[in-house]
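[1] Sequence and computational prediction follow.
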Amino acid sequence: MLPLLRILLIEQDPATLKELSTNLEKTIPNFERSDVDIDIIECIELKQALKYVEEDGDIQAVVLSWDVLNNGERTYSRFIEQLKGIRLELPVYVIGDDTKGLEIVNESEEIESFFFKDEVISDPEAILGYMINDFDDRSETPFWTAYRRYVGESNDSWHTPGHSGGASFRNSPYIKDFYQFYGRNVFVGDLSVSVDSLGSLSDSTNTIGRSQESAAATFEVKHTYFVTNGSSTSNKIILQTLLRKGDKVIIDRNCHKSVHYGILQSASLPIYLSSILNPKYGIFAPPSLADIKQAIEQNSDAKLLVLTGCTYDGLLSDLKQVVEFAHQHGIKVFIDEAWFAYSLFHPSLRHYSAINAGADYVTHSAHKVVSAFSQASYIHVNDPDFDADFFREIYSIYASTSPKYQLIASLDVCQKQLEMEGYKLLNALLNHVAEFKQQMASLKHIKVLDKQDFMDIFPHFSGDNMGHDPLKILIDISELPYSLKDIHKFLLDEIGLEIEKYTHSTILVLLTLGGTRSKIIRLYNALKKLDSGKVKLATSMRRTRLPENLPAIDLACIPSDAFYGERESVPISKSNNRICAGLVTPYPPGIPLLVPGQHITNEHIEYLKELAGQGLTIQGSFDGEIYVLKGKVKSQTYV
């Protein structure tokens, strides 16, 4: 199976269309491209052309005959706008009267290039060569191509790592099975940073630098940086780049814990936005737009706003409104979009994309839902005031001087896939989900939660124009007469499904770029068996529910002062009126209950007791004890 360069040719005169198409077809063999298939689709009507673009993700170029006399510039400009609304990355080549060329180009900024129609008819090689060259540029993988070539040369290893291309494994009777399991390429591809030609990750040189530039073009940002130790590190790099001691930062309370740790490391002062928790399902929604605006207005001296662009359960904020309001008050916006890296590449998701919304900084966990290796992450920068030199110093604090080249290569090919077939893959997955939901509607006890359910659950969903990522399939199992443990075991045994996340009443299934229709069918089959009761599981009517209200955060001091202060461990029951020195987070729902610097009240203690009684995991609690500032109570603090 080869890559496919499919060209959509649009011309309203049937005779001219046929002539253009025939001449282009005859020219294809001249390029002797055995590494790619090239074909052409003919189209007369603009409406039909849009339908082709929507339905056929293999279209990689559009040639539009600009007939000014018949339609006028505005019609074609509108068409290009609609086409880009579907496929942002799709190049459009215009052919027309050369005397009108400058006027045509001025009508739209989205035109890739212009060609004189008569020349295209008589000498189609020029435009075809241009399109092939653009196709090659878009599908380029600067680092992966050079890396694969270097590894293939089989040079002697006189540098780190110490296994010397796997020799220490191959020649050992004790650990050669490790080599055999992974295979030769893993070991010969494990290189030292001594390979200058491949470049430096910390300095963005040579092929690594070019690969990052290519990714920035794909994601439509000014700068993209590769990170090889996860978005947890990416988040901390951004926070320490932007914040100084005592700086105010407005953050969503239920941000990932890496954001909370980044706050500690920057010694900044967080202003927490309230979490909106639904106790029935154990899921939370992003903060309301009203709460965000109020926090910004009350803290107009804040340096940064940090939000989660897509919650674990797929709930989406209308970030355009947020970014515009924050920028009006001179506040930068950083969006942790770990679970939504594909958002820019499909029109049904793009409105909720952080990049599309104009956020200054965005992080993507490229391994979570798209095709990079674990720990691979992108940092995207659009901040006009970006301090690249200071950023690199902070980056160097966190980055290893011996990064894993396989991770860098996976980030390179990941962006290529999103550029060349992101729309196609996402379109197929969204269609699979729609089919799955349609079938699930017939079940009696299990249901897939959708936008209407979220509108009913969260009052601000409709008013704030929130959305939901359909590829986060949240399934309500609260009406099943089985324990969560037994349901989990059944799904694992039946279809090998390791549940991504679960609460007392839901399970979350992620559909990623590696998802297939057959996997969805297997999931439906297993859920149908559970729903019908045709399973050998013991019934259990025990039902749990999270407490109704999540106690508020009341800081007694800057979190870093508490975290790095002298601490002691005390039983949770005896922590009333003390100052918390660690992060205490119950799972589910994964929202921090206590943060460093927080004044602990009886309300927090009772909340933790209730969760502990349900057997929930409480991170930050050790054998029923938590860390507090030594010898300090609320009345003694220095706020």
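    Yep, that arrived.
[2] wait, what's in contact with the spatially most central residue of the chain?
    Residue closest to the mean C-alpha point of the chain, counted by C-alpha atoms, centre = their mean, is Ala341 at 2.2 Å. Residues near Ala341 by C-beta atoms under 8 Å, 6 or more residues apart in numbering: His364, Ser365, Ala366, Lys368, Val369, Val370, Tyr378, Leu418. Using the backbone N, CA and C atoms, a C-beta is placed for each residue, glycine as well.
[3] Output the longest strand belonging to this structure.
    When the chain is parsed with DSSP state E, its longest strand is strand 625-633.
[4] Report the helix or strand with the lowest average pLDDT across this protein.
    One helix or strand of the chain scores below all others by mean pLDDT, DSSP states H and E: helix 68-71, with a mean of 48.
[5] pLDDT weak spots in the stretch 51-200 of the chain?
    Within the stretch 51-200 of the chain, the stretches falling below the threshold (pLDDT under 70) are 68-74, 156-157, 194.
[6] Where do the helices of it begin and end?
    Listed in chain order, the helices found in the stretch 51-200 of the chain under DSSP state H, counting those that start in this stretch are 68-71, 73-86, 101-107, 117-122, 125-138, 142-152, 167-170, 176-182, 184-188.
[7] what about the residue lying closest to the residue nearest to the centre of the chain once chain neighbours are set aside, how many neighbours?
    Distance criterion C-beta to C-beta, 6 or more residues apart in numbering; nearest residue to Ala341, sequence neighbours excluded, is His364 at 3.9 Å. Counted with other C-beta atoms under 10 Å, the neighbours of His364 add up to 35.
[8] repeat for the one 3 residues further on
    Applying other C-beta under 10 Å, we find 22 residues neighbouring His367.
[9] Surely it and Tyr378 touch.
    No. Counting by C-beta atoms under 8 Å, Tyr378 is not a contact partner of His367; they are 10.4 Å apart.
[10] Please name the nearest non-neighbouring residue to Leu242.
    The shortest distance from Leu242 to any non-neighbouring residue, by C-beta to C-beta, 6+ apart, is to Leu304 (5.4 Å).
[11] Quick check: phi and psi at the one you found.
    Note on Leu304: backbone dihedrals following degrees, to the nearest 10 are phi -150, psi 150.
[12] Pull the number of nearby residues for it.
    Close neighbours of Leu304, defined as other C-beta under 10 Å, add up to 22.
[13] wait, the residue nearest to Ala341 sits on His380?
    Yes. Between His364 and His380 there is a contact under C-beta under 8 Å: 7.0 Å.
[14] what sits in contact with each of the two?
    Residues touching both His364 and His380 do not exist when contact is defined as C-beta under 8 Å, 6+ apart.
[15] tell me which element the closest residue to Leu239 other than its chain neighbours is part of?
    Leaving aside its sequence neighbours, Leu239 sits nearest to Gly262 (C-beta to C-beta, 6+ apart; 3.4 Å). Gly262 is part of helix 257-266, with elements assigned from DSSP states H and E.
[16] And the nearest residue to Asp318 once chain neighbours are set aside, what's its pLDDT?
    Counting by C-beta to C-beta, 6+ apart, Asp318 lies nearest to Asn465, which is 4.2 Å off, once chain neighbours are set aside. Per-residue pLDDT puts Asn465 at 96.
[17] right, and Asn465 touches Gln321 too?
    Yes. Assessed by C-beta under 8 Å, Asn465 is found in contact with Gln321 at 7.4 Å.
[18] how far away is the residue nearest to Leu242 from His364?
    According to C-beta to C-beta, to the nearest Å, Leu304 and His364 sit 19 Å apart.
[19] Repeat that for Glu119.
    To His364, Glu119 is 42 Å away according to C-beta to C-beta.
[20] do the same with Asn356
    13 Å.
[21] Likewise for Gln294?
    Taken as C-beta to C-beta, the span from Gln294 to His364 is 29 Å.
[22] how close does the closest residue to Asp464 other than its chain neighbours get to Pro173?
    Among residues not flanking Asp464 along the chain, Leu289 sits closest, at 4.4 Å (C-beta to C-beta, 6+ apart). Here the criterion is C-beta to C-beta. By it, Leu289 lies 64 Å from Pro173.
[23] and the angle from the longest helix along the chain to helix 73-86?
    As assigned by DSSP state H, the longest helix anywhere in the chain is helix 405-440. Interaxial angle of helix 405-440 relative to helix 73-86 (axes from the mean of the first three to the mean of the last three C-alpha atoms, to 10 degrees): 100 degrees.
[24] Which elements pack onto helix 405-440?
    Packing contacts for helix 405-440, counted by 3 or more C-beta pairs under 8 Å, 6 or more residues apart in numbering; DSSP states H and E, involve helix 142-152, helix 206-218, strand 223-227, strand 447-448, helix 517-532.
[25] re earlier: number of residues surrounding the residue nearest to Asp464?
    18.
[26] List the contacts of it.
    Per C-beta under 8 Å, 6+ apart, neighbours of Leu289: Ser317, Asp318, Gln321, Val322, His460, Gly463, Asp464.
[27] Now the third one: which helix or strand?
    Right, Gln321. Short version, using DSSP H and E: Gln321 is in helix 319-328.
[28] what packs against that helix?
    Taking 3+ C-beta pairs under 8 Å, 6+ apart as the contact cut, helix 319-328 packs with helix 289-298, strand 304-308, strand 332-336, helix 354-357.
[29] will you turn these into a markdown table that also has mean pLDDT?
    Formatted as a markdown table, these follow (pLDDT from 0 to 100):
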| stretch | mean pLDDT |
| --- | --- |
| helix 289-298 | 98 |
| strand 304-308 | 98 |
| strand 332-336 | 98 |
| helix 354-357 | 98 |
